[in-house]
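**Student:** Sequence and predicted structure are below.
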Amino acid sequence: MSNEPMKVGIVGAGNISATYVATLHMFDFIRVKSIYDLYDSSAQKLAAQFGIEAVALDTMLADPEIGLIINLTTPVSHYAISKKALLAGKHVYSEKPLGVSMAEAEELMSIARAGDLRLGCAPDTFLGGGHQLTRRLLDEGRIGKTISATAMLLLPGHEHWHPNPAFFYGRGGGPMLDVGPYYVTNLIALLGPVREVFGTAKITRIERMVKTDPHRGETIKVLVPTHLTGVMEFHSGATVTIATSFDVIKHKHNQIELYGSEGTMVTPDPNNFTGKVEIFREGTDAWEEVPVDHPYTEGVPGHLGLRGLGAAEMVDSLRSGRQHRVSSELAFHALEVMTAFERSAQSRGVVAIHSSCGRPDPIDRTINEGRFA
């Protein structure tokens with residue numbers, strides 16, 4: 001592969017796009033060349049901020065210099081945009097979820113395999129220093145064998161803060177498919193694949209009122225469950241109780257707690273790249289905070305962490321000829337797990353998970369930021 005930086009095109013100039021560009025430009029082997037958005041003014045604004053080009057989508061996909069398309073559109077558009085990019089011969093990295101159905105995700109993976117193309121998908125937060133430390137401590141047996149865990153994503157709803165919250169309550173939205181990927185993917189990276197799921201799901205309120213500009217006062221029709229709870233049983237034997245909600249005003253739960261045969265570990269928020277890691281071991285009388293000594297803990301100041309780190313890792317894996325960690329197989333397995341909760345709620349039974357994936361390789365904590373190992 002050429003030593004020249006890979007040129008990247010980004011589709012979607014929404015809330016997270018500036019953070020992606022800032023993160024990618026931390027690496028000398030990637031350069032964002034162009035941006036497309038359905039609303040040209042949004043693309044022009046981002047282009048001016050970073051000195052890149054605002055172009056039409058077909059122009060971007062026809063550009064022979066661009067090797068990777070990053071798909072930052074809304075969930076219902078992920079499939080169509082990613083499919084078009086793959087068929088144009090481009091590697092693709094998509095925001096989560098890979099598709100809003102298993103059929104969409106499966107087709108994208110099939111197209112990527114047929115074209116010998118890489119397909120990656122967020123979330124990539126498990127690559128961050130706090131989560132890599134958690135993985136290392138778990139693998140070292142610091143809390144013994146993991147017996148169970150809790151994962152709590154409890155929010156009041158995106159209408160309280162997002163400038164355009166309606167799509168979070170439509171097809172492909174809801175707490176499980178929107179924020180749940182951070183939790184489910186993190187748990188798979190720590191504990192391995194899931195065997196089966198049992199869940200409940202409900203729509204608590206059929207309408208929501210937007211509390212932010214520019215749509216303040218508008219009413220959103222809720223089409224997807226906003227409160228899902230259940231249990232995941234992992235092939236490792238661990239059972240995880242999970243709750244994802246847009247109906248909780250406030251709570252005092254930690255986001256993820258791991259319960260082992262010799263202790264308990266509290267992990268960082270899986271929606272962030274780092275945070276506090278605490279262990280309580282049997283025979284002690286106090287919690288121990290373990291300093292984070294892994295790379296990738298902070299992004300460019302003024303941006304939302306290191307979003308886009310997974311795309312950089314995928315490009316680095318192409319250059320070195322290894323499998324990328326934020327893979328479509330991982331995203332597909334997480335998607336099957338997440339959609340199983342609603343299917344379980346509808347059938348009132350346990351749902352077996354048919355896909356699988358390996359745990360992504362850990363990142364060497366001694367490497368310098370800007371490279372992966």
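**Tutor:** Received the coordinates, thanks.
**Student:** which residues are in contact with stretch 106-114?
**Tutor:** 79, 82-83, 86-87, 92, 98-99, 117-119, 328-329, 332 (C-beta atoms under 8 Å, 6 or more residues apart in numbering). For the C-beta atoms, the positions are set from N, CA and C on the backbone; glycine is no exception.
**Student:** Return the closest of the residues you listed with respect to residue 155.
**Tutor:** Residue 155 lies nearest to residue 98 out of these, by C-beta to C-beta, at 22.7 Å.
**Student:** What about that closest one, how many residues nearby?
**Tutor:** 30 (other C-beta atoms under 10 Å).
**Student:** before we move on, what about residue 186?
**Tutor:** Residues near residue 186, counting by other C-beta under 10 Å, number 26.
**Student:** Wait, it touches residue 127, no?
**Tutor:** No: if you go by C-beta atoms under 8 Å, residue 186 and residue 127 don't touch, sitting 10.4 Å apart.
**Student:** sorry, back to before: just the buried members of the contacts of stretch 106-114?
**Tutor:** Neighbour counting with 16 or more other C-beta atoms under 10 Å marks 79, 82-83, 86, 92, 98-99, 117-119, 328-329, 332 as buried within the contacts of stretch 106-114.
**Student:** Just name the closest of those residues to residue 360, please.
**Tutor:** Closest approach between these and residue 360, by C-beta to C-beta: residue 329, at 9.8 Å.
**Student:** per-residue pLDDT, the residue nearest to that closest one when sequence neighbours are not counted?
**Tutor:** Spatial nearest neighbour of residue 329, excluding adjacent residues (C-beta to C-beta, 6 or more residues apart in numbering): residue 357 at 4.4 Å. At residue 357, the pLDDT value in this model is 97.
**Student:** Next, find the distance separating residue 100 from residue 82.
**Tutor:** Computed as C-beta to C-beta, to the nearest Å, the residue 100 to residue 82 distance reads 12 Å.
**Student:** just residue 370 next, same as before
**Tutor:** Counting by C-beta to C-beta, the gap from residue 370 to residue 82 is 27 Å.
**Student:** do residue 351 as well
**Tutor:** From residue 351 to residue 82 the distance is 26 Å (C-beta to C-beta).
**Student:** try residue 239
**Tutor:** Residue 239 sits at a distance of 33 Å from residue 82 (criterion: C-beta to C-beta).
**Student:** ok, now which ones touch residue 355?
**Tutor:** Neighbour list for residue 355: 193, 329, 332, 333, 336 [criterion: C-beta under 8 Å, 6+ apart].
**Student:** which ones are touching the most centrally placed residue in the chain?
**Tutor:** For the chain, residue 123 is the residue whose C-alpha lies nearest the centre (C-alpha atoms, centre = their mean; 1.6 Å). By C-beta under 8 Å, 6+ apart, the contact list for residue 123 reads 96, 181, 182, 185, 186, 270, 271, 310, 326.
**Student:** What sits closest to it if chain neighbours are left out?
**Tutor:** residue 182 (4.8 Å).
**Student:** The one you found: how many residues sit nearby?
**Tutor:** Other residues lying near residue 182 total 24 when counted by other C-beta under 10 Å.
**Student:** Tally up the residues packed near the nearest residue to residue 206 once chain neighbours are set aside, please.
**Tutor:** Of all residues not flanking residue 206 in the chain, residue 222 sits nearest, at 5.4 Å (C-beta to C-beta, 6+ apart). Neighbourhood size, residue 222 [other C-beta under 10 Å]: 21.
**Student:** Off-centre distance for stretch 212-224?
**Tutor:** Averaged C-alpha coordinates place stretch 212-224 at 24 Å from its chain's average position (C-alpha atoms, centre = their mean, to the nearest Å).
**Student:** Likewise for stretch 178-188?
**Tutor:** That offset, for stretch 178-188, works out to 7 Å (C-alpha atoms, centre = their mean).
**Student:** Also stretch 32-52?
**Tutor:** With C-alpha atoms, centre = their mean as the basis, the mean position of stretch 32-52 lies at 23 Å from the chain mean.
**Student:** next one: stretch 305-325
**Tutor:** The answer for stretch 305-325 is 14 Å, by C-alpha atoms, centre = their mean.
**Student:** and if you look at stretch 205-218?
**Tutor:** Worked out by C-alpha atoms, centre = their mean, stretch 205-218 lies 26 Å from the chain centre.
**Student:** Give the buried residues for that stretch.
**Tutor:** For stretch 205-218, using 16+ other C-beta under 10 Å, the buried residues are 208, 210, 211, 215.
**Student:** Please report how far residue 135 lies from residue 359.
**Tutor:** 8 Å.
**Student:** Tell me which of the two has more neighbours.
**Tutor:** For residue 135 versus residue 359, neighbours defined as other C-beta under 10 Å are more numerous around residue 135 (21 against 17).
**Student:** Please enumerate the helices of this protein.
**Tutor:** Applying DSSP state H to the chain gives helices spanning 17-24, 40-50, 57-62, 75-87, 102-114, 129-139, 174-178, 180-191, 309-320, 328-347.
**Student:** looking only at pLDDT, what's the mean for the longest one?
**Tutor:** Right, helix 328-347. If you average the pLDDT values across helix 328-347, you get 97.
**Student:** returning to that earlier point: return the entry from the contacts of residue 123 with the maximum number of neighbours.
**Tutor:** residue 270 (29 neighbours).
**Student:** from the buried ones among the contacts of stretch 106-114, which single one is nearest residue 201?
**Tutor:** residue 99 (19.5 Å).
**Student:** Wait, that closest one touches residue 334, no?
**Tutor:** No: using C-beta under 8 Å, residue 99 is not in contact with residue 334, being 11.9 Å away.
**Student:** which residues do these two both contact?
**Tutor:** With C-beta under 8 Å, 6+ apart applied, the contact sets of residue 99 and residue 334 do not overlap.
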